[in-house]
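Enquirer: Structure of the sequence below:
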Amino acid sequence: MRVIGESLFGAVLEGLGRVSLMPSKRIFLPPSVREKSRDQFYQLKQLNTPVAEFEAAFTSLSRFALELVASEERRCLEFKKKLRTGLKLRVARSMTREHGRLVDAAVHLEIIMHEEEDRMRGFKRSQDDQEDGRRHRGSNIQQSHENELLVERNTQLENKVNELQQSLNSAHTEKEATFVMYHMNTITELTNQHSKASELNLEAEARVSENKIKLHETIQKFSQRDLEAKDLIAKLNELQGWIKMYEEQAHETIGVTKNQKVEFEQTLFKLKGLEGIIEELQNMSGQFEKQRVQLAGVNSKLTQDLATYESKLNDLNHLSSQN
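Expert: Residues are numbered from 1 along each chain as shown. Have a look, this model is predicted:
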């Protein structure tokens, strides 16, 4: 997924930022611009941008995704998610739910992180300088000692050669010649020993160079593993932050579930009350039906009596008209 880099923050502050600086004017933005700004907010990441500039871009773009920042708490959660990893892990420990305080804490922690990084770089540079110094001093001391031995042996050989040369020049007898030959053999033997010593010295230098290369490779491997370990620790801390956030969301969900359960129980209680009322109404309806039947019987009887009385009245009227 493409994320917003440092160049986009300038565009946001230069473009959308001008809209927020003129609250008295209603500026119409086409739907395509709103949708693009909304996508930019979804993809917004801090990366290497300072917290102050990132917060300005966050505030400008959040107006196009109000459902993500509907409350102060959700605004804080969204702001934390978009911070870079190292800073996010430190800010995640903050339990504040006010956006302004959260931004101030992030700025303060960013300054502390920069200071720690500067100290770590200085400490590592000092260790590297000390290590290089120890290596150079050890190598120089060893080479200096070997050179001194070679110079001493060369001096001894030169002295022997000079002595033998003088003895050869002054030798006049066979005894002296034999003595000279003996010393010449000694010189030859010393020369051979010197050659062997030189070969051993070269071999030792080759081994030292090979050990230096192996040491350098070992240091590189150790540095690589150290970086991998730091990366794993950072990922572990990030996962712990996510787990903590999910736990908070789970607690909130449990609270909402409990409220819904209470509301359901209240509704169930009301429903049971309504069922009792319905049952009472049904009983009253049965009584009303019985009374209606009784009243119908009474009404029928009264109708019959009325018909009888009317018949008698008609008979009386008929008799009265005949008289």
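
Enquirer: Could you tell me how many residues sit around Glu55?
Expert: Per other C-beta atoms under 10 Å, the neighbour tally for Glu55 reads 19. (Glycine included, C-beta is placed from N, CA and C.)

Enquirer: repeat for the one 10 residues further on
Expert: A count of neighbours around Ala65, defined by other C-beta under 10 Å, yields 18.

Enquirer: Find me the pLDDT at it, would you?
Expert: On the pLDDT scale, Ala65 is placed at 91.

Enquirer: Is it correct that it is in contact with Gln40?
Expert: No - the criterion here is C-beta atoms under 8 Å, and Ala65 misses it with Gln40 at 9.5 Å.

Enquirer: Name the helix or strand for Gln127, please.
Expert: Under the criterion of DSSP states H and E, Gln127 resides in helix 99-170.

Enquirer: State the mean pLDDT of the next helix or strand after that helix.
Expert: Proceeding N to C from helix 99-170, the next assigned helix or strand is helix 174-322, under DSSP H and E. On average, the pLDDT along helix 174-322 is 83.

Enquirer: And stretch 117-128, by the same measure?
Expert: Stretch 117-128 shows a mean pLDDT of 84.

Enquirer: tell me how far it is from the chain's mean position?
Expert: Chain-centre distance of stretch 117-128: 25 Å, with C-alpha atoms, centre = their mean, to the nearest Å.

Enquirer: before we move on, what about stretch 98-111?
Expert: 17 Å.

Enquirer: contacting residues around that stretch?
Expert: The contact list for stretch 98-111 (C-beta atoms under 8 Å, 6 or more residues apart in numbering) reads 50-52, 55, 72, 75-76, 79-80, 83, 87, 90-91, 94, 96.

Enquirer: Could you tell me which of these are located in strands?
Expert: Taking DSSP state E, every one of these sits outside strands.

Enquirer: Next one: the residue lying closest to Glu78 once chain neighbours are set aside from Thr308, what distance?
Expert: Among residues not flanking Glu78 along the chain, Leu68 sits closest, at 5.2 Å (C-beta to C-beta, 6 or more residues apart in numbering). For Leu68, the distance to Thr308 equals 88 Å [C-beta to C-beta, to the nearest Å].

Enquirer: So between these two, which is more surrounded?
Expert: Neighbour totals were compared for Leu68 and Thr308, and Leu68 leads with 15 against 10 (other C-beta under 10 Å).

Enquirer: so who does that one touch?
Expert: Neighbour list for Leu68: Phe41, Ser62, Arg74, Glu78 [criterion: C-beta under 8 Å, 6+ apart].

Enquirer: and of the residues you listed, the nearest to Gly255?
Expert: Checking the contacts of Leu68 against Gly255 with C-beta to C-beta, the nearest one is Arg74 at 15.7 Å.

Enquirer: Please tell me the pLDDT value assigned to that closest one.
Expert: Per-residue pLDDT puts Arg74 at 93.

Enquirer: Does the closest residue to it other than its chain neighbours belong to a helix, a strand or coil?
Expert: In this structure, Arg74 finds its nearest non-sequential neighbour in Leu68, 6.5 Å apart by C-beta to C-beta, 6+ apart. Here Leu68 is helix, with the state taken from DSSP: H, G, I helix; E, B strand; the rest coil.

Enquirer: For Thr267, see how far away Leu68 is.
Expert: For Leu68, the distance to Thr267 - C-beta to C-beta - is 32 Å.

Enquirer: for His216, same thing?
Expert: For His216, the distance to Thr267 - C-beta to C-beta - is 75 Å.

Enquirer: now swap in Leu306 and tell me
Expert: For Leu306, the distance to Thr267 equals 55 Å [C-beta to C-beta].

Enquirer: Based on its surroundings, how many neighbours for Asn237?
Expert: Residues within reach of Asn237, counting by other C-beta under 10 Å, total 16.

Enquirer: Ignore what I typed, I meant Asn201.
Expert: By other C-beta under 10 Å, the residues close to Asn201 number 15.

Enquirer: How about the one 5 residues further on?
Expert: Neighbourhood size, Ala206 [other C-beta under 10 Å]: 10.

Enquirer: Centre of the chain to stretch 257-273, how far?
Expert: Chain-centre distance of stretch 257-273: 41 Å, with C-alpha atoms, centre = their mean.

Enquirer: buried stuff in it?
Expert: Neighbour-count burial for stretch 257-273 flags no residue at all (criterion: 16 or more other C-beta atoms under 10 Å).

Enquirer: Put the alpha carbons of it into CSV.
Expert: Taking C-alpha atoms only, stretch 257-273 is exported to CSV below (Å, rounded to 0.1, in the frame of the first residue of the first chain):
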residue,chain,number,x,y,z
THR,A,257,-22.8,-6.1,26.2
LYS,A,258,-23.6,-5.8,29.9
ASN,A,259,-25.6,-2.7,29.2
GLN,A,260,-27.5,-4.5,26.4
LYS,A,261,-28.1,-7.4,28.7
VAL,A,262,-29.6,-5.1,31.4
GLU,A,263,-31.8,-3.4,28.7
PHE,A,264,-32.9,-6.9,27.5
GLU,A,265,-33.8,-8.0,31.0
GLN,A,266,-35.8,-4.7,31.5
THR,A,267,-37.6,-5.3,28.2
LEU,A,268,-38.3,-8.9,29.2
PHE,A,269,-39.7,-7.8,32.6
LYS,A,270,-41.9,-5.2,30.8
LEU,A,271,-43.0,-7.9,28.3
LYS,A,272,-44.0,-10.2,31.2
GLY,A,273,-46.0,-7.3,32.7
